[in-house]
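*Asks:* coordinates only, no sequence provided:
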């Protein structure tokens, strides 16, 4: 059983679909890469992207199968369809890579990201920040009389939207985990 | 079955169990325990090179001429960094080699110890895979997996970095059979795609086979199957620099090499074909020229074991991922089962067209009675060595390399060793030694330019020490010929740093090494001089002084299409525009 819990798709939805339509439109794809958790494996993946001039918008990595020593790397990347196909093929030839899945083409997927934001302010701004946090279902994980740290989870767009609202209210610092993603359904 | 032994002993044992008979190497502090084990056995022969780059190129020459993986053993730090060019060369040309490096002890890694380098970090982008062995128990498994990875799928170089304490410590040795690897590339092609290709072959009016190093890498069976398919269909065939010999140069469907300095008929056949069957080649920029004008009217099929090669450069209509031999076998099976059909009338007309192109005689050159033309030197070398039962040719990189590809004919695979992808000057001398060590009785010739040859000339010491009778055939034009040619064509004849001042006396140099030196600058003496080289039972440096300003034609200038070839000097004025001049 794959630690990715992704069903092997038909050929037309394979990560190795070899018949792309070559268009110039830049697309955003979320890739799930299952790798052997060994020293240097992340450097191999990142080195591939920098060496061949591919983009990384977001990257997360952690071991997901402790017995099999497999890590899951979730990469959000952009490129023309030809570049995206190349990225997947190039990832596939790294010896430490077990599986490459393109969550953007293999079916509907869920993307989540966690962010923590420090918002400094007093008076009305402080009250407004707290009210908006409630609307976005962000939690307060630390508080002083002049600051909050909010924790928010959601799709990257939701995190962006919350950050945009917090900026005029005193957002001073933010940390984001990057995207984790899974295909929907079973 | 597992046995207790030291890490150093495991290395030697694993090499033996993998069938290795030769290791090219250079000792140093961090590999002394392994060298101690090498000393105490007689199954594996160690060839002491003069520079680690030489060890890797020699291993490449060994691998390419035998079809078996080559092995190099070097020390940590500078030993490893000197191996980097060879590793990159092997990666670009998909040559299976295993490079073993010593490393400082595990407890000193990261402390900037003497002769410490981050070898796995440095070599990560220039190996197919690499390993740092952190415990002795893991060593034998990694050694066997290294051979598996280097030789499976698209072959390539691997590196195993072994800290000195891991070599000294004792652990459990396991044999090759216990090796487990999830790395199992697909070798069988998709039958639906293969059937689609066969259907296209049946209808094709102007088909061409475009073959590459993948045919050679797939093994002798692939070359046999290719010959059967080409001769049965009667389709013309051209090959990249890397694939020469897979189909015999004397074969009736042979068009000669294609590409930047390929033959007129081969390049025009590529440009005008309606079905291009790429077998184990990768649409390299030396082949395609201008991409948007590359073979505009053809359906393109691409057989490659590496999925990333497909659609990387040129859009493929019929992609087939698999090993060349497996796929060719299936193509033949399907084609035969469907009645061995081809569009014979149209293909005959196509051959007629190709014969018209052939009449251009694109390799013609103006000979001289006073100066040796490099083309003439190679024609004479071909004439005098063609019938040798086991002739192996290596080259350096530059004009002489292209002339060798044009004027020498290869009848069998694994007889032609040249640095294709990386274009490594200094490749040929050590490679020729690697070939000669693998084939002691063969005639091994390194066709060289004097500038390339100087880059690894220290390896003549290796040749003399091991009585490897390699023939270094140097076309000496006292120039970096290809650089000079490009400066003439696109830098207004400003020959910046492209001539070889202060060259050594090659005959004296040969004698200083304990080899034989031969000098020739007169066309009338050339045959006798070549015969003298061939007759001598030992390494020879042949200083063949040739015309200094000869250009290599035909040529597709950078940024031009296949049908915009230059055939000779008269056509060279202002041929490369501003856009083309930024290309290499």
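*Replies:* Structure received. All values derive from a computational prediction rather than experimental measurement.
*Asks:* straight-line length of stretch B:79-87, end to end?
*Replies:* 12 Å (Cα to Cα, to the nearest Å).
*Asks:* hey, where'd the helices end up in the stretch 351-500 of chain B?
*Replies:* B:374-385, B:399-407, B:428-438, B:450-455, B:460-465, B:481-490 (DSSP state H, counting those that start in this stretch).
*Asks:* report pLDDT for the closest residue to residue B:581 other than its chain neighbours.
*Replies:* In space, and not counting its chain neighbours, residue B:581 is closest to residue B:490: 4.8 Å by Cβ to Cβ, 6 or more residues apart in numbering or on different chains. Every residue, glycine included, has its C-beta placed from N, CA and C. If you check residue B:490, the pLDDT there is 83.
*Asks:* and the one 5 residues further on, by the same measure?
*Replies:* Confidence per residue is given as pLDDT, and for residue B:495 that number is 95.
*Asks:* ok, back up a step: which one of the helices of the stretch 351-500 of chain B has the most crowded surroundings?
*Replies:* helix B:428-438 (a mean of 31; mean count of other Cβ atoms under 10 Å in any protein chain shown).
*Asks:* ok, residue B:196 - how many residues close by?
*Replies:* 18 (other Cβ atoms under 10 Å in any protein chain shown).
*Asks:* now for it: which residues touch it?
*Replies:* Going by Cβ atoms under 8 Å, 6 or more residues apart in numbering or on different chains, residue B:196 touches residue B:318.
*Asks:* list the buried residues in the strand or helix carrying it.
*Replies:* If you go by DSSP states H and E, residue B:196 is part of helix B:191-203. Within helix B:191-203, the residues that qualify as buried by neighbour count (16 or more other Cβ atoms under 10 Å in any protein chain shown) are B:193, B:194, B:195, B:196, B:197, B:198, B:200, B:201, B:202.
*Asks:* so how far is residue B:257 from the residue nearest to residue B:581?
*Replies:* Using Cβ to Cβ, to the nearest Å, residue B:490 is found at 23 Å from residue B:257.
*Asks:* try residue B:449
*Replies:* For residue B:449 relative to residue B:257 (Cβ to Cβ), the value is 19 Å.
*Asks:* tell me which of these two has more neighbours.
*Replies:* The neighbour comparison of residue B:449 against residue B:257 (other Cβ under 10 Å) goes to residue B:449, with 29 against 24.
*Asks:* element containing residue B:100, please.
*Replies:* strand B:97-103.
*Asks:* same check, this time on residue B:147
*Replies:* helix B:136-151.
*Asks:* does the helix or strand that that helix is followed by come close to chain A?
*Replies:* Downstream of helix B:136-151, the next assigned helix or strand under DSSP H and E is strand B:157-163. No - judged by Cβ under 8 Å from any Cβ of the partner chain, strand B:157-163 stays clear of chain A, getting no closer than 8.6 Å.
*Asks:* mind giving me the packing neighbours of strand B:157-163?
*Replies:* Applying 3 or more Cβ pairs under 8 Å, 6 or more residues apart in numbering or on different chains; DSSP states H and E, one finds that strand B:157-163 contacts helix B:84-93, strand B:97-103, helix B:119-123, strand B:129-132, helix B:136-151.
*Asks:* in what helix or strand does the nearest residue to residue B:541 once chain neighbours are set aside lie?
*Replies:* Excluding the flanking residues, the one nearest residue B:541 by Cβ to Cβ, 6+ apart is residue B:510, at 3.9 Å. Assigned by DSSP H and E, residue B:510 belongs to helix B:506-513.
*Asks:* which helices and strands sit right next to that helix?
*Replies:* Helix B:506-513 is packed against helix B:460-465, strand B:516-520, strand B:540-545, with contacts defined by 3+ Cβ pairs under 8 Å, 6+ apart.
*Asks:* ok, now with 10 Å
*Replies:* helix B:450-455, helix B:460-465, strand B:471-476, strand B:516-520, strand B:540-545 (3 or more Cβ pairs under 10 Å, 6 or more residues apart in numbering or on different chains; DSSP states H and E).
*Asks:* could you list the paired strands of the longest strand anywhere in chain A along with their orientation?
*Replies:* The strand that spans the most residues within chain A, counting by DSSP state E, is strand A:109-120. Strand A:109-120 sits in its sheet next to strand A:147-154 (antiparallel), strand A:171-176 (antiparallel), strand A:180-183 (antiparallel), going by DSSP bridges.
*Asks:* please convert those to JSON lines, extending it with distance to residue B:498, mean neighbour count and mean pLDDT.
*Replies:* Converted to JSON lines, the strands paired with strand A:109-120 look like this (distance: least, Cβ to Cβ, whole Å; neighbours: other Cβ atoms under 10 Å in any protein chain shown; pLDDT from 0 to 100):
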{"stretch": "strand A:147-154", "distance to residue B:498": "61", "mean neighbour count": "19", "mean pLDDT": "98"}
{"stretch": "strand A:171-176", "distance to residue B:498": "53", "mean neighbour count": "14", "mean pLDDT": "98"}
{"stretch": "strand A:180-183", "distance to residue B:498": "54", "mean neighbour count": "19", "mean pLDDT": "96"}
